[in-house]
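Visitor: Okay, sequence plus prediction incoming.
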Amino acid sequence: MRKIRWLIYTVIIGLIPFIIRLIVWWLCENTHDWDYIINEVDVVAFGLVLHLSIINELENERRLDPKWKTICNGISIIMLIMFAVFLGISYLEDVTASKMIGINKLKALCTVLSVVSFLFCYAVYNELAAIEKKNNP
């Protein structure tokens, strides 16, 4: 049940900007640019939501191995910092329009990190669901 709640409350909510962008792209007659669908800020927001959910979920768990919990929180904190840096770079690029930053490279990097984050978070929630199932048969 924990994994399903995570998928509904975290993953789908985190994907709302992407879903809205996809709907707008589909509805608009003159927007056929595929680059519009994936926006680096939306992808970064998704990654931030995922890792914040991990930190929040692990914070109140007392039945976990402390070492595993620390490693998971540490990875999430590092990823949060990375996503925050990429968010700042995205905002800087939007404001300055300097074209100093390869926006397609940034978009690709953020997308890859978000996919990795999703897989990491899924693995953590899978482990938490297994622990919950073992403790509550």
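Guide: Okay, I see it. Fair warning: this is a prediction, and the values are worked out from it, not measured in the lab.
Visitor: Would you indicate which residues of the least confident helix or strand in the chain by mean pLDDT are buried?
Guide: Using mean pLDDT, DSSP states H and E, helix 2-6 stands out as the lowest-scoring helix or strand of the chain, at a mean of 86. With burial defined by 16 or more other C-beta atoms under 10 Å, the residues of helix 2-6 counted as buried are W6. Heads up, the C-betas are built off the backbone N, CA and C, glycines and all.
Visitor: Just after it, pick out the following helix or strand.
Guide: Tracing the chain C-terminally past helix 2-6 and defining elements by DSSP states H and E, one meets helix 13-14 next.
Visitor: Other residues contacting that next one?
Guide: Under the criterion C-beta atoms under 8 Å, 6 or more residues apart in numbering, residues 45-46, 49-50 lie in contact with helix 13-14.
Visitor: Check the residues you listed against I19 and report the nearest one.
Guide: F46 (10.8 Å; C-beta to C-beta).
Visitor: Let me see the mean pLDDT of the helix or strand containing the closest one.
Guide: Using DSSP H and E, F46 falls within helix 40-59. The average of the pLDDT scores along helix 40-59 is 94.
Visitor: and the angle from whichever helix or strand comes after that helix to helix 40-59?
Guide: Following helix 40-59 in sequence order, the next helix or strand is helix 66-96 (DSSP H and E). Interaxial angle of helix 66-96 relative to helix 40-59 (axes from the mean of the first three to the mean of the last three C-alpha atoms, to 10 degrees): 160 degrees.
Visitor: next structured bit after helix 66-96?
Guide: Counting by DSSP H and E, what follows helix 66-96 is helix 103-135.
Visitor: how about N60, phi and psi?
Guide: Dihedral angles of N60 (phi, psi; degrees, to the nearest 10) stand at phi -100, psi 0.
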